[in-house]
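Q: Attaching a predicted model along with its sequence, questions to come.
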Amino acid sequence: MQRVDGDVREAEVVDYLARIVEFALGEDTSLGDVTSELTVPADRAASGVLLAKSDGVISGLAVVREVFRQVDPTVQFEPLLSDGDRVRRGERLALISGQARSILKGERVALNFLQRLSGVATATAGYVEATYGTEARIIDTRKTTPGMRMLEKAAVRHGGGHNHRIGLGDGILIKDNHLAAIGGPQRIATAVRAARSGAAHTLRVEVEVTSLAELEQALAVRPDTILLDNMSIDEMREAVRITAARALLEASGGITLESVRDVALTGVNLISVGALTHSSKALDISLEIDMGSERA
């Protein structure tokens, strides 16, 4: 199924957290944390706080919890907010306490996840806010960080957006290169009919078009969704008129925060933004540790 209607299930994310966190910790700690082991007493306890250094939307607290659980199950993690919550600069996100070495060992991996995912959620929220009052939904793409797709798509949801396909197997999206590989003047009709008659015929079928003439060809074979690729505002508006609700229309291609509202006002149903996951800026978050709290 295309996730624009169902979105990623939270259970899918939970099941995969342990593996990705284990891999990330392996990158950073396979040879231990020699600095902490040589300089911080083994019996030293500490407490810390996650602080927002800029305004944004939080995503990734569950990942932070899993990082410290894998580093040391005795570390206590107390979130003060939830994923999807808005945060102001200087606001506390969570409290952490336990062995100082354990907190230091997990610090960078935890922050890498939290900053990256909160950046995606914050960017998504900006696009959602820009289209407020329209019927268009902001959706993501498969332009994700390898290995982090499920987390980044969860972050899109935390920012108020929606998920498109998770992978190649849960939706049929016939793009320009598929059409080029098929060839011929009737390639759009050929592709859509083949998709409808194939083993995956119960999946929603979407096809990409680059002109109003191709839109007419697509409408003749009735796909569920038509992707309007790199069309001008005037072309999108005309596409909405021609389509007359016979298919969902998705706008895509170079859509920015500055242009997204104009796109939404054309009447398209969906606006896909690859930048949500491939170009979002990490949210500035720090972990401030009190090394002098108490001894274990």
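A: It's in. Source: prediction; values computed, not measured.
Q: would you list every one of the helices in the stretch 151-296 of the chain?
A: Under the criterion DSSP state H, counting those that start in this stretch, helices of the stretch 151-296 of the chain are mapped to 176-182, 187-197, 212-220, 233-243, 260-264, 275-278.
Q: I'd like the ones you listed laid out as a markdown table, including mean neighbour count.
A: Every C-beta, even on glycine, is put in place using the N, C-alpha and C of the backbone. Shown next, in a markdown table, are the helices of the stretch 151-296 of the chain (neighbours: other C-beta atoms under 10 Å):
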| stretch | mean neighbour count |
| --- | --- |
| helix 176-182 | 12 |
| helix 187-197 | 17 |
| helix 212-220 | 17 |
| helix 233-243 | 16 |
| helix 260-264 | 20 |
| helix 275-278 | 22 |
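Q: Which among these is found nearest to residue 62?
A: Between residue 62 and these, the shortest separation by C-beta to C-beta is 18.2 Å, and it involves helix 275-278.
Q: Mind listing residues that contact the closest one?
A: 120, 123-124, 127, 138, 140-141, 143-145, 152-153, 156, 159, 161, 256 (C-beta atoms under 8 Å, 6 or more residues apart in numbering).
Q: CSV please, covering the helices of the stretch 151-296 of the chain and showing distance to residue 28 and mean pLDDT.
A: Listed next are the helices of the stretch 151-296 of the chain as CSV, based on distance: least, C-beta to C-beta, whole Å; pLDDT from 0 to 100:
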stretch, distance to residue 28, mean pLDDT
helix 176-182, 37, 95
helix 187-197, 44, 93
helix 212-220, 48, 97
helix 233-243, 45, 98
helix 260-264, 37, 98
helix 275-278, 23, 97
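Q: Among the ones you listed, which comes closest to residue 289?
A: For the helices of the stretch 151-296 of the chain, distance to residue 289 was read as C-beta to C-beta. The smallest value, 30.5 Å, belongs to helix 275-278.
Q: What's the PyMOL syntax to select whichever of the contacts of helix 275-278 are buried?
A: This is the PyMOL syntax for the buried subset of the contacts of helix 275-278, where burial follows 16 or more other C-beta atoms under 10 Å:
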select buried, resi 120+123+124+127+138+140+141+144+152+153+156+159+161
